[in-house]
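Peer 1: Output the structure for:
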Amino acid sequence: MRRSSLITKLIILTVMLFAVVTIVALQPRISALKAERAALSNEIADLRQANRYTQIRIDSLGTDESAISIAREKLGFAFEDEIILIDRSR
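Peer 2: Numbers count the residues shown, from 1 in each chain. Got it, this is the predicted structure:
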């Protein structure tokens, strides 16, 4: 009876020791994965913001303001009564 109790205690001690060693050995990996998760969460937030901005631009296509903006920025157009100033210092 006493011998089986000792064997049981040794088995439990061995299992507990194995569990502690495993947890300690996995801590660097867990820390690295937490850091990676944080970086990916930031990237997701940035991409969602970019998607919102892109969706706003898509939604504005076809409006008069959008057509005027494209004509001014991409094609260099202006209204007849406008005066265009060119900064030659750049």
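Peer 1: Please give me every residue in contact with the residue minimising distance to the centre of the chain.
Peer 2: Most central in the chain under Cα atoms, centre = their mean is Glu43, positioned 1.5 Å from the mean C-alpha point. Shown in contact with Glu43 (Cβ atoms under 8 Å, 6 or more residues apart in numbering): no residues. C-beta: built from backbone N, CA, C; applies to glycine.
Peer 1: what's the spacing between it and Ile83?
Peer 2: Taking Cβ to Cβ, to the nearest Å as the measure, Glu43 and Ile83 are separated by 45 Å.
Peer 1: Repeat that for Ser66.
Peer 2: Distance, Ser66 to Ile83, using Cβ to Cβ: 24 Å.
Peer 1: now swap in Asp64 and tell me
Peer 2: Taking Cβ to Cβ as the criterion, Asp64 is separated from Ile83 by 22 Å.
Peer 1: hang on, the earlier thing: okay, Ser66 and Ile83: which has more neighbours?
Peer 2: More neighbours sit around Ser66 than around the other of Ser66 and Ile83, counting by other Cβ atoms under 10 Å; the figures are 14 against 5.
Peer 1: Need the pLDDT of that one.
Peer 2: For Ser66, the pLDDT comes out at 87.
Peer 1: In contact with it, which residues?
Peer 2: Applying Cβ under 8 Å, 6+ apart, one finds that Ser66 lies in contact with Ser60.
Peer 1: so is it in a helix, a strand, or just coil?
Peer 2: Using DSSP: H, G, I helix; E, B strand; the rest coil as the criterion, the local structure at Ser66 reads helix.
Peer 1: that older thread, so which strand or helix has the residue nearest to the centre of the chain?
Peer 2: Using DSSP states H and E, Glu43 sits within helix 2-60.
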